[in-house]
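*Asks:* Below is the structure, and that's it, no one-letter string:
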């Protein structure tokens, strides 16, 4: 325990979480900041290249994938553990002349916590795609979309672009916002940063194509496990966010929209190949009255994805804007609930 602060290295204070959430909303992930995920991604790339020298069969590739996980997440967890403990030790100091050191340590702690959350980045990326479509610049929209999705974008129509944007908004609401908040609350910064390592591993090697089917198998399974609870929390947050959004706008048919989001989530949430991605996507599709999924191209290979939701004739530009609003509200709900839970357990500080 850190004397005077009432929490261990595996806890984060409500104040730090609130400050981190607000910092992410304000500046997102500035390019000049040495983002931990970039460092983790670099380590994954170099370690994969080294391991592949010795993995010449499918079995050895699976073993190599497991070794990759250990070589990434163990150092991330240990380094974050010790850095967090060091920062908490500085913050808990009670000598007046070191007040600047304590404040600097708090700032670093808040910045590290903020680096695990991606509200501003997700909202900005969604808005940039929608804006390009509204401007009639399809090539720009495809380019913007390609920065946040793994599928091929060069042949997508406007509707296809907006559908893909809505899907990634729903999926990354879970992966980039709700899951990090969940792990910050349940295990503090060490667990949240370890989750980011797991998620980055999945985004880099967790594919089912020929290159990564064996090597990335373990990373994909671990990511499925890590996101199981957060994905279902996200689905519920989307449904609550629909109610809040429509209530604020004094729109009609609030109960019907909420019921549709719930029904589609329960009906189509398990259709996705991922045990998790389909839950928030189905809730979002039901909330917006759109149909997501269908055939997508990855590296020139067509993948038939199941359809999620029903196309009720909703304009997809309006639906995409609605998805951004739902992401915003869900993020605030998730952040607010997380801070309230921490206050109940720890007190305000």
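*Replies:* Thanks, I have the structure now. These numbers were taken from a predicted model, which means no experiment stands behind them.

*Asks:* Helix, strand, or coil at residue 306?
*Replies:* Of the three states, residue 306 takes strand according to DSSP: H, G, I helix; E, B strand; the rest coil.

*Asks:* Would you agree it is in contact with residue 293?
*Replies:* Yes. At 5.4 Å, residue 306 counts as touching residue 293 under the criterion of CB atoms under 8 Å. Quick note: C-beta positions are derived from backbone N, CA and C, even for glycine.

*Asks:* what touches both of the two?
*Replies:* Common contact partners of residue 306 and residue 293 (CB atoms under 8 Å, 6 or more residues apart in numbering): 271, 272.

*Asks:* can you pull the pLDDT of residue 95?
*Replies:* Model confidence at residue 95, given as pLDDT, is 55.

*Asks:* ok, which stretches of the chain are strands?
*Replies:* Taking DSSP state E as the test, the strands found in the chain are 292-298, 301-308.

*Asks:* how about those strands, which one is nearest residue 167?
*Replies:* Residue 167 sits nearest to strand 292-298 of all those, at 5.3 Å, using CB to CB.

*Asks:* before we move on, the earlier item: in JSON lines, list the strands of the chain along with mean neighbour count and mean pLDDT.
*Replies:* Shown next, in JSON lines, are the strands of the chain (neighbours: other CB atoms under 10 Å; pLDDT from 0 to 100):
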{"stretch": "strand 292-298", "mean neighbour count": "17", "mean pLDDT": "83"}
{"stretch": "strand 301-308", "mean neighbour count": "14", "mean pLDDT": "83"}
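
*Asks:* Identify whichever of those strands lies nearest to residue 107.
*Replies:* strand 292-298 (40.4 Å).

*Asks:* Who are the contact partners of the residue nearest to the spatial centre of the chain?
*Replies:* Centroid-nearest residue in the chain: residue 176, 1.5 Å away (criterion: CA atoms, centre = their mean). Residues near residue 176 by CB under 8 Å, 6+ apart: 117, 118, 119, 121, 122.

*Asks:* Tabulate the strands of the chain (TSV), appending distance to residue 113.
*Replies:* Converted to TSV, those look like this (distance: least, CB to CB, whole Å):
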stretch	distance to residue 113
strand 292-298	32
strand 301-308	33
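
*Asks:* between those, which gets nearest to residue 164?
*Replies:* Nearest of the strands of the chain (CB to CB): strand 292-298, 7.7 Å.

*Asks:* one step back: ok, so what distance separates the residue nearest to the centre of the chain from residue 184?
*Replies:* 13 Å (CB to CB, to the nearest Å).

*Asks:* what's near enough to touch the nearest residue to residue 288 once chain neighbours are set aside?
*Replies:* Distance criterion CB to CB, 6 or more residues apart in numbering; nearest residue to residue 288, sequence neighbours excluded, is residue 319 at 4.3 Å. By CB under 8 Å, 6+ apart, the contact set of residue 319 is 162, 166, 288, 289, 290.

*Asks:* quick one: which of those is nearest to residue 191?
*Replies:* Once CB to CB is applied, the member of these that ends up nearest residue 191 is residue 166, at 29.8 Å.

*Asks:* Might one say that that closest one is in contact with residue 292?
*Replies:* Yes. Using CB under 8 Å, residue 166 is in contact with residue 292, at 6.4 Å.

*Asks:* Can you work out which residues contact both of these two?
*Replies:* 284, 285.

*Asks:* need the contact list for residue 12.
*Replies:* 113, 184, 185, 188, 189, 342.

*Asks:* so which of those residues would you say is closest to residue 300?
*Replies:* Among the contacts of residue 12, and counting by CB to CB, the member closest to residue 300 is residue 184, at 39.0 Å.

*Asks:* Could I get the contacting residues of the closest one?
*Replies:* Counting by CB under 8 Å, 6+ apart, residue 184 makes contact with 12, 17, 20, 113, 116, 191, 192, 338.

*Asks:* Tell me the spacing between the fourth one and residue 180.
*Replies:* In this case it means residue 113. 9 Å.

*Asks:* which residues do these two both contact?
*Replies:* By CB under 8 Å, 6+ apart, residue 113 and residue 180 have these common neighbours: residue 192.

*Asks:* Can you tell me how far the nearest residue to residue 127 once chain neighbours are set aside is from residue 245?
*Replies:* Once flanking residues are discounted, residue 127 sits nearest to residue 324: 6.1 Å by CB to CB, 6+ apart. Distance from residue 324 to residue 245, counting by CB to CB: 11 Å.

*Asks:* And the pLDDT for the residue nearest to residue 288?
*Replies:* So, for residue 319, pLDDT stands at 93.

*Asks:* Can you pull out the low-pLDDT segments for this protein?
*Replies:* Applying pLDDT under 70 to the chain picks out residues 1-7, 94-97, 347-349.

*Asks:* Just the buried positions in the longest helix belonging to it, please.
*Replies:* If you go by DSSP state H, the chain has its longest helix at helix 58-91. Using 16 or more other CB atoms under 10 Å as the test for burial, helix 58-91 gives 61-65, 68-69, 71-73, 76-77, 80-81, 83-84, 87-88, 90-91.

*Asks:* Kind regards, and thank you for your time.
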